[in-house]
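J.: heads up, no residue letters with this:
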């Protein structure tokens with residue numbers, strides 16, 4: 001793992017020229033392509049075969065899982081020669097020490113984690129409400145927790161433990177009904193044909209290391225049962241190497257979800273920076289990785305562990321934020337060198353599990369909130385209910401939810417207390433819920449009582465849920481002058497390496513448009529020669545081509561479609577469809593004018 005860098009927003013984009021209008025469509029799989037279909041205004045997978053739509057949905061439905069960072073570094077525990085090593089994560093103490101290679105390798109002779117209990121770890125994950133586990137099969141130091149024919153530097157052949165930790169944990173997950181995944185570092189500070197430490201761990205992958213990695217990937221995907229996800233990390237492979245790693249995995253297990261840190265946009269799910277969350281809308285599957293202490297992922301003996309209730313609340317809140325934005329949350333523990341789980345970390349997980357026992361219905365199998373923001377907290381959507389997470393109690397104890405038009409709601413109640421209900425009141429397109437009318441509703445700060453932290457209101461609905469989005473109002477003459485800052489931004493993540501900036505692939509505006517036909521004019525600059533983009537209006541696609549690379553503008557006539565988008569006209573700018581993951585808008589957008597046509 002590596003510390004999060006600030007996600008950089010890319011400049012805003014687009015272009016123009018003449019246009020023809022084509023009905024919006026979906027990508028159609030070709031021979032050997034993944035059995036999924038994405039709308040053409042979304043990025044298409046870069047390689048095939050791959051996980052099916054059912055696999056992706058099941059992966060997204062799990063929401064919460066356990067990360068485990070465990071290895072030789074766990075013995076050191078952030079200490080070397082009696083001194084603290086505090087310049088970086090403790091799992092990277094080999095490089096951060098720095099420690100002579102032979103001295104670090106000697107830790108293998110001490111590796112005998114008799115307290116590592118796979119079944120107990122699975123039981124802890126289940127008590128926490130977690131649905132999957134991912135363990136560090138190999139980290140940057142090159143030590144392997146699984147038996148590999150490529151090197152004796154592994155837990156079975158090179159330590160007094162003589163046991164395959166990956167195998168035993170995979171079997172325990174199967175017994176316990178949890179999905180199992182592995183973390184795999186593509187850089188290796190131990191392998192002679194591998195890598196040395198460089199700042200940021202953005203090492204190029206040598207040809208020797210590429211071959212070594214591929215053989216180990218075949219071992220992991222071939223000998224340990226179903227692998228739900230493989231968590232590639234670090235390095236800076238070429239696009240061909242990223243494709244090689246991804247193809248190797250999917251050739252053996254097409255349904256394994258590959259993390260975006262395989263790089264070059266070959267992942268099946270995007271990965272945020274360490275302990276980071278996205279600040280823009282997300283369309284593709286994604287995951288937010290976090291550690292209980294952001295300072296380290298591997299065990300650190302001198303880590304300050306205090307304010308247990310605060311740490312529990314911190315991670316419940318992060319879980320809710322991630323899930324309400326449509327992502328999965330994976331939370332790390334770092335066992336001690338003897339394999340024992342740190343008691344404080346176990347207590348944090350148990351506290352989260354206590355909250356999930358009452359509120360898990362609002363987490364698992366839900367969809368992201370359909371609101372831009374809620375002043376009281378967050379929301380998720382289930383098949384027949386809207387779940388409202390109250391992070392901040394309104395002063396008048398009235399929960400107001402905007403834009404809930406044309407939807408029939410039943411009485412609201414607190415999740416876990418369905419016997420006490422309150423009727424929903426309407427105010428135009430908004431609804432309100434009087435929280436004080438619910439029995440046992442907490443009216444003060446939850447304090448140390450996890451049961452009262454971020455309570456959830458259930459708002460049942462009949463039929464489909466309709467939500468009026470936040471929309472941009474027209475000028476007095478019915479026109480719109482749109483700025484990129486007003487748009488939703490959609491970004492490509494996990495490009496050529498950890499330090500690669502996210503790139504913009506879509507801008508989207510929602511307009512209070514009353515006319516049926518408009519003249520849309522895009523103002524741009526710095527367009528590449530022969531750039532192409534698509535303008536989408538209410539699902540209709542308008543291809544545009546530019547000639548030359550000068551600033552300019554171009555216009556086209558577009559039509560409103562109230563059947564598809566009854567509450568607002570949706571205007572999107574994307575690369576020319578179909579476009580692959582990683583494709584960026586080829587121009588910079590200055591503004592977009594939308595003028596009503598007069599007849």
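T.: Nice, thanks for sending it over. The shown structure was predicted, so the numbers you read here are calculated from the model rather than taken from an experiment.
J.: And for the residue lying closest to residue 315 once chain neighbours are set aside, the neighbour number?
T.: Distances taken as CB to CB, 6 or more residues apart in numbering put residue 352 closest to residue 315, at 5.7 Å, once the chain neighbours are dropped. (Each C-beta comes from the backbone N, C-alpha and C, glycine too.) Neighbour count for residue 352, taken as other CB atoms under 10 Å: 26.
J.: for residue 419, same thing?
T.: Residue 419 is flanked by 7 other residues according to other CB under 10 Å.
J.: my read is it is in a strand, agree?
T.: Yes. The assignment for residue 419 by DSSP: H, G, I helix; E, B strand; the rest coil puts it in a strand.
J.: wait, what's in contact with it?
T.: Residue 419 is in contact with 413, 439, counting by CB atoms under 8 Å, 6 or more residues apart in numbering.
J.: Next one: it relative to residue 288, how far apart?
T.: From residue 419 across to residue 288, the span is 35 Å (CB to CB, to the nearest Å).
J.: follow-up on the earlier one: roughly how far does the residue nearest to residue 315 sit from residue 173?
T.: 19 Å.
J.: what does residue 270 give?
T.: Using CB to CB, we find residue 270 at a distance of 24 Å from residue 173.
J.: How about residue 253?
T.: Counting by CB to CB - residue 253 and residue 173 are separated by 15 Å.
J.: Who has more neighbours out of those two?
T.: Neighbours were counted for residue 253 and for residue 173 using other CB under 10 Å; residue 173 has more, 25 against 17.
J.: how about the more buried one, phi and psi?
T.: Main-chain torsions, residue 173, degrees, to the nearest 10: phi -60, psi -40.
J.: list the contacts for the residue lying closest to it once chain neighbours are set aside?
T.: Leaving out its chain neighbours, the residue that sits closest to residue 173 by CB to CB, 6+ apart is residue 180, at 4.0 Å. Taking CB under 8 Å, 6+ apart as the criterion, residue 180 is in contact with 132-134, 169-170, 173-174, 224-228.
J.: Please repeat the previous calculation with a cut-off of 10 Å.
T.: Neighbour list for residue 180: 122, 132-135, 166, 169-174, 224-229 [criterion: CB atoms under 10 Å, 6 or more residues apart in numbering].
J.: just how off-centre is the strand or helix carrying it within its chain?
T.: Taking DSSP states H and E as the criterion, residue 180 maps to strand 179-185. The chain centre lies 16 Å from the centre of strand 179-185; the measure is CA atoms, centre = their mean, to the nearest Å.
J.: same deal with stretch 590-599?
T.: 36 Å.
J.: what about the stretch 1-150 of the chain, any weak spots by pLDDT?
T.: By pLDDT under 70, the low-scoring segments of the stretch 1-150 of the chain are 1-36.
J.: Over to the stretch 401-550 of the chain?
T.: 443-448, 526-527, 548-549.
J.: Strands of that one, start to end?
T.: 408-409, 412-414, 417-422, 425-427, 430-434, 456-462, 480-482, 488-492, 503-511, 517-525, 532-537, 540-545 (DSSP state E, counting those that start in this stretch).
J.: The third one: which residues count as buried?
T.: Think strand 417-422. For strand 417-422, burial by neighbour count (16 or more other CB atoms under 10 Å) applies to 421-422.
J.: That one vs strand 430-434, what angle?
T.: Here strand 417-422 runs at an angle of 110 degrees relative to strand 430-434 (axes from the mean of the first three to the mean of the last three CA atoms, to 10 degrees).
J.: Within the sheet, what are the partner strands of strand 417-422, with directions?
T.: Using DSSP bridges, the strands paired with strand 417-422 are strand 412-414 (antiparallel).
J.: got the contact list for residue 191?
T.: Residue 191 neighbours (CB under 10 Å, 6+ apart): 138, 142, 150-151, 153, 206, 208-209, 212-213.
J.: how much space between it and residue 423?
T.: For residue 191 relative to residue 423 (CB to CB), the value is 66 Å.
J.: If residue 417 is in a bridge, with which residues?
T.: With DSSP bridges as the rule, residue 417 is bridged to residue 414.
J.: Surely it is in contact with residue 452?
T.: No. Assessed by CB atoms under 10 Å, residue 417 is found out of contact with residue 452, at 11.6 Å.
J.: Spit out the residues that contact the two alike.
T.: 440-441.
J.: before we move on, back to that, biggest separation within the contacts of residue 191, which pair?
T.: Greatest spacing in the contacts of residue 191, by CB to CB: 153 and 206 (17.5 Å).
J.: Now do the phi/psi pair for the residue nearest to residue 315.
T.: phi -60, psi -40.
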